[in-house]
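J.: sequence first, predicted model second:
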Amino acid sequence: MPAIIAWTDAQTKMLIKFFNEGHSASVTAKAISAVFQIEKTRNAVIGKWHRMGLIRELTPEQRLLRSSVQSSCVSKPTHHADRGPVIAKRVKILRQLHEEMKQAIQEPPPAPVAVKDGPLYLDLLDVPADGCRFIVSDSPYLYCARPQRPGSSYCQAHHERMYTKTRINLPTRGFRVAA
């Protein structure tokens with residue numbers, strides 16, 4: 001098993017720069033590994049993004065284009081030489097769906113979670129059995145250790161940060177929903 005190497009400030013700045021430029025985790029990991037002569041994996045980059053709270057949401061247009069690119073890579077290009085009108089129609093439908101979703105949800109965005117006392121910054125061996133296991137520092141790994149929410153490994157603030165709503169019932173506009 002390779003040794004765990006903590007993230008330096010320079011590596012973290014490069015990670016944020018690549019995230020803001022829209023690069024993938026694997027591209028970011030390869031670049032950091034090449035520049036700093038260390039081995040950082042795609043999963044290490046994703047974990048660091050997650051701990052820093054960096055979230056990349058795809059717009060409906062990006063999702064559609066990504067699926068179109070993936071499907072065109074699988075099929076023969078001669079069969080689908082001109083997909084522009086099809087993609088434009090799908091983008092229009094997705095924009096309409098997006099507006100309907102906004103109206104269907106009609107919930108205000110959740111307020112930011114305020115951490116009253118803040119994390120305790122303890123080593124894992126020092127975290128009590130009922131302490132929050134959220135990693136708040138990479139160098140060395142330190143944990144929040146505030147009291148856990150019942151039924152969770154995290155305190156209330158970190159539980160709300162880690163677990164979000166994943167599915168709501170929305171109109172499908174004639175599309176088949178996969179079972």
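T.: Nice, thanks for sending it over.
J.: quick check: next helix or strand after the lowest-mean-pLDDT helix or strand in the chain?
T.: Lowest mean confidence among the helices and strands of the chain (mean pLDDT, DSSP states H and E): helix 60-74, at a mean of 67. Note on helix 60-74: by DSSP states H and E, the next helix or strand toward the C-terminus is helix 84-105.
J.: give the other helices and strands that that next one contacts.
T.: Applying 3 or more C-beta pairs under 8 Å, 6 or more residues apart in numbering; DSSP states H and E, we find helix 84-105 packed against helix 60-74. Where C-beta positions appear, they are placed from N, C-alpha and C, glycine not excepted.
J.: pull the number of nearby residues for the residue nearest to residue 22 when sequence neighbours are not counted.
T.: Distances taken as C-beta to C-beta, 6 or more residues apart in numbering put residue 56 closest to residue 22, at 7.7 Å, once the chain neighbours are dropped. Residue 56 sits with 11 neighbouring residues when counted by other C-beta atoms under 10 Å.
J.: tell me if I'm right that residue 56 and residue 19 touch.
T.: Yes: here residue 56 reaches residue 19: they are 7.2 Å apart, a contact under C-beta atoms under 8 Å.
J.: show me where this protein has strands.
T.: 135-138, 141-143 (DSSP state E).
J.: now find how far off-centre the first one is within its chain.
T.: How far strand 135-138 lies from its chain's middle: 17 Å, per C-alpha atoms, centre = their mean, to the nearest Å.
J.: and for the shortest one?
T.: The chain centroid and the centroid of strand 141-143 are separated by 21 Å under C-alpha atoms, centre = their mean.
J.: any buried residues in that strand, and which?
T.: The neighbour-count check on strand 141-143 (16 or more other C-beta atoms under 10 Å) flags 142, 143 as buried.
J.: elements contacting that strand?
T.: strand 135-138.
J.: tell me the strands beside the strand it packs on, with direction?
T.: strand 141-143 (antiparallel) (DSSP bridges).
J.: walk me through the domains of the protein.
T.: Domain assignment of the chain by automatic domain parsing yields the ranges 9-52, 60-105, 112-171.
J.: among those, which gets the worst mean confidence?
T.: If you rank the domains of the chain by mean pLDDT, domain 60-105 sits at the bottom with a mean of 70.
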